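Undergrad: fold the following.
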Amino acid sequence: MTKEKTEDGNGAFTETLQAVLKKYFAGFRRLVSCERLSAGANKETYRMVIETDAGERRLAMRRTPGGITTPEVIGNVGLRTEATLFRRAREAGVPEPEVFCVLEQEDGLGDAFIMEWLDGETLGARIVRSEALAQIRPQLAYQCGRIMAQIHAIDLEKTGLNKLLDVMSPEAVVDQTWDRYRVLKTPQPMIDYAARWLKDHLPKNARMTLVHSDFRSGNLMVSPQGVVAVLDWELAHIGDPMRDLGYICANSWRFGNSDLPVGGFGQYDDFFRGYEEVSGQKVDPEHVKFWEVFGSFWWAGGCLRMAELYRSGYDKSVERIAIGRRSSECQVDCVNLLIPGPVSLVEADDAVSSEMPRVDELIVSVRDFLRGDVMNQTRGRANFMARVASNSLDIVLRDLSVGDRHRQLELERLRRLLGASGDLDSLRWRLVHALRDGSMALDQPGLAEHLRTTVVNQIAIDQPVYSGFKTALKQKT
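TA: Model (predicted):
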């Protein structure tokens with residue numbers, strides 16, 4: 001009956017789901033199909049078809065992994081509040097699916113809600129490249145600007161959202177994000193550098209409105225007619241509305257189309273024009289740039305938190321741990337925005353071991369098995385996870401090739417910059433502490449060069465096809 005059966009393998013999930021559907025949908029007869037979709041690292045999304053007395057209906061269910069409440073470190077509002085946000089946004093004219101029911105604990109599926117199924121594209125890479133969306137794509141930036149203005153105009157008191165959401169000033173948002181990264185106990189100097197820059201350039205007198213906080217390609221549903229729905233409200237709060245404008249422009253969400261800064265599909269001018277027409281508020285590009293930098297800073301730490309959730313045992317998926325390595329993508333975007341300049345890449349070691357088989361050959365054999373046999377014989381989430389796993393093995397191969405030399409050169413630069421001896425980990429921490437306590441100025445001679453060189457060489461290992469890496473290599477001064 002289901003395309004991805006159950007967590008426990010014995011049909012209990014399906015049976016419980018059918019009982020839930022019978023409870024909430026009049027005339028329910030049977031569950032025709034239920035498929036867990038591959039998209040979404042934070043939440044589970046299911047596509048369902050049910051048969052009722054009136055005919056078939058298509059539904060979507062959004063649920064926390066395993067139905068368990070997501071740890072607070074993710075910073076989400078909770079699925080019950082998220083369902084309310086869907087409803088209030090829909091009432092305000094924002095394109096949204098209708099939410100039919102929010103499940104109770106006694107329903108047995110944990111934190112979840114069920115809404116109507118809408119047709120459209122949600123994968124960011126397809127939104128920016130699909131031929132089916134070629135006609136509408138030039139209009140999306142303008143549409144997004146108008147939709148954001150509608151969101152920011154929602155009356156917080158009349159809707160009761162002021163009682164459900166946290167109020168976060170720009171400074172509080174930066175501090176909270178920095179704190180959540182620091183709890184992870186990993187020294188990532190570029191993240192601390194970006195935090196210092198943000199603290200030095202905080203917006204003054206920002207308005208306070210409803211903020212989606214994750215409005216981007218990948219959290220929008222798009223059809224040939226335009227934006228069909230704004231999804232994933234889990235990070236919403238009350239704060240500076242320019243955060244939404246800056247976040248969709250972060251390079252992570254351009255999906256390779258770095259020349260089109262708004263979501264990989266549009267230009268700033270169209271985007272700002274749409275926003276200004278609906279809001280009546282003039283957009284300051286420098287204010288937006290602050291939040292564009294923040295977007296990369298925020299997701300740099302967010303990627304590391306994904307890896308921590310894997311380590312903690314909360315979610316041991318191959319996707320969760322792989323996202324941890326995407327932090328270097330965001331860090332190189334911060335480099336390009338804040339400290340651009342020339343950089344040299346570490347060259348691969350040409351020496352070849354006489355071992356038979358070599359470690360790299362073993363890794364290649366497993367990678368090719370995943371990309372060939374496994375992907376050819378699977379589809380849906382299993383196919384997606386096989387691709388993720390094979391990409392992780394590529395990272396291991398590149399690290400075997402240049403990682404040791406990259407880290408040795410990083411150690412040498414740190415010793416010169418800090419005027420100290422020690423191993424790599426201790427000197428990384430020493431630099432991080434100096435950035436955090438302010439004892440090292442952001443314009444310290446050699447600091448920008450060290451950070452730029454370290455981050456660009458790390459992204460060469462983690463994801464050399466990332467557009468931010470290519471942008472960094474083009475920098476001359």
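
Undergrad: now what about stretch 174-188, what contacts it?
TA: With contacts defined as C-beta atoms under 8 Å, 6 or more residues apart in numbering, stretch 174-188 is touched by 73, 75, 168, 191-192, 195, 198-199, 202, 294, 297-298, 300-301, 304-305, 308, 327, 331, 425, 428-429, 431-432, 436. (C-beta placed from N, C-alpha, C; glycine too.)

Undergrad: so which of the residues you listed sit within helices?
TA: 191-192, 195, 198-199, 294, 297-298, 300-301, 304-305, 308, 327, 331, 425, 428-429, 431-432, 436 (DSSP state H).

Undergrad: now the strands: where do they sit in the stretch 51-200 of the chain?
TA: Assigned by DSSP state E, counting those that start in this stretch, the stretch 51-200 of the chain shows strands spanning 55-63, 99-102, 112-116.

Undergrad: of these, which is nearest F469?
TA: Among those, strand 55-63 comes nearest to F469, with 33.5 Å by C-beta to C-beta.

Undergrad: which residues are in contact with that closest one?
TA: 17, 25, 32, 43-50, 79, 82, 97, 100, 109-118.

Undergrad: can you check stretch 134-150 too?
TA: 89, 92-95, 127-128, 212, 215, 220, 222-227, 230, 241, 244-245, 248, 262-263, 265-268, 270-279, 281.

Undergrad: low-scoring stretches of this protein, by residue?
TA: 1-10, 38-42, 67, 69-75, 476-477 (pLDDT under 70).

Undergrad: G246 falls within a strand, correct?
TA: No. Counting by DSSP: H, G, I helix; E, B strand; the rest coil, one finds G246 to be helix, located in no strand.

Undergrad: before we move on, the earlier item: burial-wise, tell me which of the strands of the stretch 51-200 of the chain comes out on top.
TA: strand 112-116 (a mean of 20; mean count of other C-beta atoms under 10 Å).

Undergrad: could you check the angle strand 55-63 makes with that one?
TA: 140 degrees (axes from the mean of the first three to the mean of the last three C-alpha atoms, to 10 degrees).

Undergrad: from I323, how far out is the residue sitting nearest the centre point of the chain?
TA: When C-alpha atoms, centre = their mean is applied to the chain, the residue found nearest the centroid is W299 (6.2 Å). Per C-beta to C-beta, to the nearest Å, W299 is found 10 Å from I323.

Undergrad: OK, contacts around the residue sitting furthest away from the middle of the chain?
TA: What lies farthest from the middle of the chain is S354; by C-alpha atoms, centre = their mean that is 41.9 Å. By C-beta under 8 Å, 6+ apart, the contact list for S354 is empty.

Undergrad: cool, and R416?
TA: Per C-beta under 8 Å, 6+ apart, neighbours of R416: G446.

Undergrad: may I have the host helix or strand of it exported as PDB, CA atoms only?
TA: Following DSSP states H and E, one finds R416 within helix 404-418. Extracted in PDB, the C-alpha atoms of helix 404-418 (Å, rounded to 0.1, in the frame of the first residue of the first chain):
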ATOM      1  CA  ASP A 404      47.200  16.600   4.600                       C
ATOM      2  CA  ARG A 405      49.100  19.200   2.600                       C
ATOM      3  CA  HIS A 406      46.200  21.700   3.000                       C
ATOM      4  CA  ARG A 407      46.200  21.300   6.800                       C
ATOM      5  CA  GLN A 408      50.000  21.500   7.000                       C
ATOM      6  CA  LEU A 409      50.000  24.900   5.200                       C
ATOM      7  CA  GLU A 410      47.200  26.100   7.400                       C
ATOM      8  CA  LEU A 411      49.300  25.200  10.400                       C
ATOM      9  CA  GLU A 412      52.200  27.200   9.100                       C
ATOM     10  CA  ARG A 413      50.100  30.200   8.400                       C
ATOM     11  CA  LEU A 414      48.600  30.100  11.900                       C
ATOM     12  CA  ARG A 415      52.000  30.000  13.500                       C
ATOM     13  CA  ARG A 416      53.100  33.100  11.600                       C
ATOM     14  CA  LEU A 417      49.800  34.900  12.200                       C
ATOM     15  CA  LEU A 418      49.700  34.200  15.900                       C
END
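
Undergrad: all set now, cheers.
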